[in-house]
Every structure is written in C-alpha cells, then in structure tokens.
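[1] below are the sequence and a predicted model for it; my questions follow.
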Amino acid sequence: MRPLAVLAFGGNALLRSNQKGTYEEQFQNVENTCRQIIPLIRWGYDIVICHGNGPQVGNVMLQHEAGKNEFGIQQMPMDFCGAETQGAIAYLIETALDRVLYTNGLNRRVISLVTRVEVSPKDPMFQNPTKPVGPYYTEEEAKRLAEETGSVYREDPKGRGWRKVVPSPAPMHISNVDIVRRLAREGKIVVTCGGGGIPVIWDHGGYRGVEAVIDKDLASALCACQIGAEALYILTDVPKVYINFRKPDEQALDVLTVAEAEKYLEEGQFAEGSMAPKVRAAIYFVRKGGRECVITEAGQLSNPACGTRITLK
C-alpha cells in the first residue's frame, strides 16, 4: 500500500498579500503550488489536499454586502459563503492540477468534494467569538449592524475599524471521510475540507450550518487522522518553523518533538494567527498516531528532508 499524505495549502498558495485577487492571479498561484507537489506524487504518495479560504471568503462577504446595498439582494450566512468559496477554490485546484499532471505525464484523477465538518454546539468558542471576518466598519456602523443582526463586532487592534467576529470551534468529524479515504487509496487525488470545512451542528435529526470558521490546519490534521494518513504537510510561506523569529538570534528548526513544540508554544514563540495554529495542528496529528507532520513552503517539497518535522519523540 502506498503512503498517504494530507497537504494543507495555506492562503499564499492561492493569493499573495500584494495581489488584488484577480482570477488570473489566483489560478497562476494555484498552478505554481500544484507543480511543487509533483515530487510527492512521483515518490508514490496517495494525496489528499485541504486548503484555506480566508481572503476569498472575505471578498465574497464584500460582494454580498455590495449586492445588498446596490440591489437589495439578501446577504448569505457564513456557512453559505464557506461553501461558495470552497467550491470555487476546489475548481481552481482541480483544473490547475489536471494541467500539471498532464504536463508531467502522470495519469492521476483529481476529485473535489464540498465538505461539511461537524462541530459541537457546546464548544466554548461559541460563547467567545474571536475570528474576524468580512469588511471593516466605523464604530457607529458596527453598533447598528450588531443591533440589527445580533452579530458581534470588535475593534481591530491595528485601528482599521470594526469587524464582525465569529466563533472558531474545534472540528469533530469530517463528512464523507470514508469516501475520501477510499478514493485516495484508489489513487485519486482528493480535494476536501476547504477553508476548514463548512461548519455544521447536528440539530433535530439533521445538520444545519452555523456562523463560524474552523481552523484550516486543525481540520486538515483531523482529516489526516480520520483517513489514516502517515504524513501531514502544512504548506506556508516560510521554509521552516523558527524560534525568535525575525530577531537577531532567529533559529530555524529541523526537527521538533511534540514535547519541544509544546514548550515553545507555552513560551509564546509562535504567533497566534500565524505559526501557532500550525504547530498545534501538527501536535494533534502526531499525538493521534500520525508518523510526522512537516511544516514548510511548497517550493521546498522536492527535498525529502525539507521543512520542520514534528514527531512524537
């Protein structure tokens, strides 16, 4: 049986911070990232791809707001926006990867699944929404919207205005995960859990979507555990994990044990909203039986010893 790896594409795989987010830019970025995973395919890995959607879902929320203001079109809730961007980004990945596979003479099919991820309605994060989403508002606009919709708005720490904040509950179960596992083991490359998955809760005999955002890296780690993957690759914009990042004594880390990673997290070495969630996802995956998690940038994947490897011991 071939080894199975889950690849978590970071936001930079889709959209760079200095770009406007045009279709052409995003497709080119995705195609470039897909080229970088060819070595893993040539080495015989079965592949599952998860991805982020932060910039895209923010843009969709802006589009919905403009539609409401200009044409009176109803603004859609977060779960709908997540599904919309999940499908769009999966289309880009599937199309770009097909082209790259063809160019490299590889006969592998790519299949995308719009994926719901179950969360608990009792998750404490629902009582403390912290994840900023959507456009910035003035304080007056934010107060008015909070009264009209019941949503929570908080001031941006960098002084750019007020933004809606939603919960970020822990993922519990990936929908259709058995199908993801079967397709991957058949040699298909499966795109799933986009944006951390569409958050849903079980409610009176069925699922319903909730206003929330699931961390993409943690959802990727859960997916990797539930399909029995040996390796999890978290692709970001730096080649390795660093301590004392961007300081004179900055140090790149080749290997981290779970104990060392937990120690550095406790010391505050990894920034929230940046490297800390990735390290937590790596710890989760390895503690649940994964062989190793590699955190690196996509361009390093041709090197079998790339990135920072997180292992149990």
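    That came through, no problem.

[2] so the spatially closest residue to residue 92 that is not a sequence neighbour: helix, strand or coil?
    If the residues on either side of it in the chain are set aside, residue 92 comes closest to residue 30, at 4.7 Å by C-beta to C-beta, 6 or more residues apart in numbering. C-beta: built from backbone N, CA, C; applies to glycine. Using DSSP: H, G, I helix; E, B strand; the rest coil, the three-state assignment for residue 30 comes out as helix.

[3] contact partners for residue 30?
    13-14, 89, 92-93, 96 (C-beta atoms under 8 Å, 6 or more residues apart in numbering).

[4] try 10 Å this time
    Contacts were defined as C-beta atoms under 10 Å, 6 or more residues apart in numbering; by that measure residue 30 touches 9, 13-15, 51, 89, 91-97, 100.

[5] the spatially most central residue of the chain and residue 55: what is the separation?
    Nearest to the mean C-alpha position of the chain, by C-alpha atoms, centre = their mean, lies residue 216 at 2.8 Å. In this structure, residue 216 and residue 55 are separated by 12 Å, where distance is defined by C-beta to C-beta, to the nearest Å.

[6] secondary structure element holding residue 276?
    Taking DSSP states H and E as the definition, residue 276 sits inside helix 275-287.

[7] tilt between the following helix or strand past that helix and helix 275-287?
    Per DSSP H and E, the first helix or strand lying C-terminal to helix 275-287 is strand 292-297. Relative orientation of strand 292-297 with respect to helix 275-287: 150 degrees, computed using axes from the mean of the first three to the mean of the last three C-alpha atoms, to 10 degrees.

[8] strand 292-297 pairs with which strands?
    strand 231-236 (parallel), strand 308-311 (antiparallel) (DSSP bridges).

[9] most neighbours per residue, which of those?
    Comparing the strands paired with strand 292-297 by mean neighbour count (mean count of other C-beta atoms under 10 Å), strand 231-236 comes out on top with a mean of 25.

[10] ok, residue 187 - contacts?
    Residues near residue 187 by C-beta under 10 Å, 6+ apart: 2, 46-47, 107-109.

[11] in strands, which of these fall?
    46-47 (DSSP state E).

[12] take the contacts of residue 187 and write them to TSV, including distance to residue 209 and neighbour count.
    Shown next, in TSV, are the contacts of residue 187 (distance: C-beta to C-beta, whole Å; neighbours: other C-beta atoms under 10 Å):
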residue	distance to residue 209	neighbour count
2	35	13
46	30	25
47	28	23
107	37	7
108	32	15
109	29	14
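
[13] not counting sequence-adjacent ones, nearest residue to residue 185?
    Among residues not flanking residue 185 along the chain, residue 46 sits closest, at 6.2 Å (C-beta to C-beta, 6+ apart).

[14] surely the one you found touches residue 188?
    Yes. Taking C-beta atoms under 10 Å as the definition, residue 46 is a contact partner of residue 188 at 8.3 Å.
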